[in-house]
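Q: sharing a model that was predicted from the sequence below.
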Amino acid sequence: MRPPGCVRPPLVDHMTAFLSGISVVCFAASYAVALGCEASRLLFRSGVRGIVMVGFATAGLVAHTLYLGWRAASDSAVPLSSPAELYLLLAWLLAAGYLWLTLANPRTPVGLFLLPIVLALVGVAAFAPDVPSPLLQDSTSRIWGWFHAALHLVWIVAAVLAAVAGLMWLIQAGRLARKQPPLRGFRMPSLERLTVLMHRALAVAAWAAAAAFVSGIVLNAIQFRRGATESVPWTDSVMFRMGIMVAWLVLADGIALALRRRPGGDRVTAWLGIASLVALVGWIGWGLAIPSRHGSVAVDRPAAVSSHEDGL
Amino acid sequence: MSTATTTAAATLALVGGTHRTVPLELRERLAFSAEQAAAALERFRERFPGREAVLLSTCNRVELYAAGETTASAPEAMELVAFLAECRGLDPARLAPVFARERNDAVVRHLFGVAAGLDSMVLGEPQILGQVKQAWSLAQAAGTAGPLTAGMFQAALRTAKRVATETGVGRERTSIPSVAVADFAAGVFQRFDDKRILLIGAGKMAAETLRYLRAAGARDVTVVNRTASRAVELAARLGARPGDYTALEAELAAADLIVSTTGAEAHVVPLAVFEPIAAGRKGRPLVVLDLAVPRDFDPRIGGLPGVWLYSVDDLAAACDANRTSRQQELPAALAIVEEESLRFMADVHHRTTTPVIEQLKAGWSETGEAELERLFRRLPELGDAERAEIRQAFERYAAKLLHPPLVSLRSESRSGPPHGLVDALKRLFQLGE
């Protein structure tokens, strides 16, 4: 709070106006342009496309970062405490990963696979509950809450990477089986690298999801013990939703491990990665459609992530 | 663009033949070794004093580039043909019909295309650029290089770099071993230094494929051959380990990548032999480059999970696809060559205006100095600082007056030597020859 009579410097006002003017549309549009550039690799060669693509992706990421930072600074709520923020942060992580991978491997069109997911997550955030969890009232709960949310970030990013690696593996294997050389501007990573990535991502997704599930139960147990809630919500929708997701990921990882040294095992792992993304979409859809202790669109979404009127 | 007028100032000439026009037996007799090329350039210097020359001799082409300024223009084409014939002890009448003869702009365009690999047997091949650099270095050492050829060869190297980076004309691979390794084996394996490579047989393409594998990092290489002594000899030559052909099944089970080039008339590895081996590999991927004709591996082996089998025909089809892809990039590459040629020729044409500009500047400077001296005599009270200010003002004024004619000269140089403007300047300002 400013002391009475204190005049805010004009620069601060300008900065405040600038930051509050950054909207979802700003970075979503930048990512969409970068995606368009990626897609154009298949159509024609261009000397400036790489610069334009990285430029828009960087601009999007900067706007995205400022947007999340502004939200964290202006809301009294704990960062990462609402599903909407979780999806926005997931999109940010994947966009940052895309930029890093593109700079490290400019000839690999990783954006064609990652950017649609980034845009989808930004879209989902607009419909996800945007109120802080009621459970995070004290410092112990907040620590567990952050831990729980961070694990969610980890398993979802890992599941997305498993799916992207799986899809790339199938495309690359298909081309190699048909004896086709790499397409111009569309060089996939080797099967060896993709196989390692698929297995690691599936394992991380399974264990992080399980840990997120357990940490959520611990968080509820703490609240119950303190009398903040009437019971641990064993029968709540969120329990079934997360339990099924964890069961699927552990099963997928188990199958991938069991088939690792078997002929054709890598192909099955690739499909398991893609199936995990489908499961993730179902998990998100369930969360949006069915009310739970995590909140839902129908019950407690006073204001979803807004697309600011003043655009870019 | 007029080439006739260019000859009045700076002339460029080229005679030479390539695989397209000169039969192989004649190319063999025409080819210059490095020593022979150096001797030929020495002889050129004595025969055509004051002229510049660069001799480019590769297995597919022999070309002599010559250049000269107004006082000693480049030799005529027939003189150059006779010179090359004399150097190689050939009858000029044999060379004249198969040799191309170009002058000025066409020489520049040709050299730029050659350096960029656009005139090579395999479109876009990069080796020619190294050979162009070598030819230039040889001319420098022999003392036949000069300002015109320096500018032209530097611009050629720049053009080649632009073509390589801005177009895909040299990007796609077109030889079977390079496609086998870079497009297919590298599509399966991320690295080769931890892979076990098995060479079966001693075919010509095995060594070439191994060269690419070594460049990709391969270290553990085993060579097996039906004749053990041949395997030992080949292994020693390739820096590999000789293997036991009688234990071929064990070698197949241990290998990650196989290059097979035997001369066998039937499959060396039938499906029935390979199936139990594949089962024992525990899903480890295997790349088989079957470069033998007839094939060494039963093609049905390629249908087994984890086995990536490529025959010569598969790889040749990929090479053809890459060649087509290169051809599609040709117009973009030619556009760069044209653009760079025009830029270089504009510079060459502009060089002809240098003496007139120098005279003009010197004349104005002389007049300005005389006026300044008169002014300073009339105003003796001026200090050094004021005098320096006034001198600078005079110089700026002269530079500003000179700027429009210089711009006009440069602009006119784009379409040929600006003789009209140069003559006008000479007459208007009464400049001497």
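A: Nice, thanks for sending it over.
Q: what sits closest to residue B:207 if chain neighbours are left out?
A: Taking C-beta to C-beta, 6 or more residues apart in numbering or on different chains, and ignoring the residues beside it in sequence, residue B:207 has residue B:238 as its nearest neighbour in space, at 6.2 Å. The C-beta positions use only the backbone N, C-alpha and C, and glycine is treated the same way.
Q: contact partners for that neighbour?
A: Residue B:238 sits next to B:199, B:207, B:210, B:221, B:223 when contact means C-beta atoms under 8 Å, 6 or more residues apart in numbering or on different chains.
Q: the fourth one contacts residue B:240, doesn't it?
A: Right, the one you point to is residue B:221. Yes. With contacts counted by C-beta atoms under 8 Å, residue B:221 reaches residue B:240, the gap being 3.8 Å.
Q: which members of the contacts of residue B:238 are the farthest-apart pair?
A: B:207 and B:221 (11.1 Å; C-beta to C-beta).
Q: more neighbours, those two?
A: The neighbour count for residue B:207 versus residue B:221, taken as other C-beta atoms under 10 Å in any protein chain shown, is higher for residue B:221 (22 against 16).
Q: Three-state assignment for the more buried one, please.
A: Here residue B:221 is recorded as strand under DSSP: H, G, I helix; E, B strand; the rest coil.
Q: wait, what's in contact with it?
A: Residue B:221 neighbours (C-beta under 8 Å, 6+ apart): B:197, B:198, B:199, B:210, B:213, B:238, B:239, B:240, B:241.
Q: by neighbours, which of these wins?
A: Sorting those by how many neighbours each has (other C-beta under 10 Å) puts residue B:199 first, at 29 neighbours.
Q: contacts only, for the residue lying closest to that one once chain neighbours are set aside.
A: Of all residues not flanking residue B:199 in the chain, residue B:223 sits nearest, at 4.6 Å (C-beta to C-beta, 6+ apart). Contacts for residue B:223 (C-beta under 8 Å, 6+ apart) come out as B:199, B:202, B:231, B:234, B:235, B:238, B:240, B:241, B:242, B:243.
Q: packing partners of the one helix or strand residue A:267 maps to?
A: For residue A:267, the host element (DSSP states H and E) is helix A:265-289. In terms of contacts (3 or more C-beta pairs under 8 Å, 6 or more residues apart in numbering or on different chains; DSSP states H and E), helix A:265-289 is packed against helix A:111-127, helix A:139-177, helix A:191-225, helix A:237-258.
Q: let's see that with 7 Å instead.
A: For helix A:265-289, the packing partners by 3 or more C-beta pairs under 7 Å, 6 or more residues apart in numbering or on different chains; DSSP states H and E come out as helix A:139-177, helix A:191-225, helix A:237-258.
Q: give me the angle between the last one and helix A:191-225.
A: For helix A:237-258 and helix A:191-225, the angle between their directions (axes from the mean of the first three to the mean of the last three C-alpha atoms, to 10 degrees) works out to 150 degrees.
Q: so for helix A:237-258, mean pLDDT?
A: Taken as a whole, helix A:237-258 has a mean pLDDT of 92.
Q: again, but for the second one
A: For helix A:191-225, mean pLDDT is 91.
Q: follow-up on the earlier one: what's the overlap in contacts for residue B:221 and residue B:240?
A: Any residue near both residue B:221 and residue B:240 by C-beta atoms under 7 Å, 6 or more residues apart in numbering or on different chains counts here, and that gives residue B:199.
Q: could you report the pLDDT at residue B:208?
A: So residue B:208 comes in at 82 (pLDDT).
Q: for residue B:22, give me its contacts.
A: Residues in contact with residue B:22 (C-beta under 7 Å, 6+ apart) are B:30, B:98.
Q: kindly state the domain boundaries assigned to the chain.
A: Since you didn't name a chain, this refers to chain A. The record's domain parsing of chain A by automatic domain parsing lists A:9-129, A:133-300.
Q: actually, chain B is the one I wanted.
A: According to automatic domain parsing, the domains of chain B span B:6-166, B:176-318, B:353-428.
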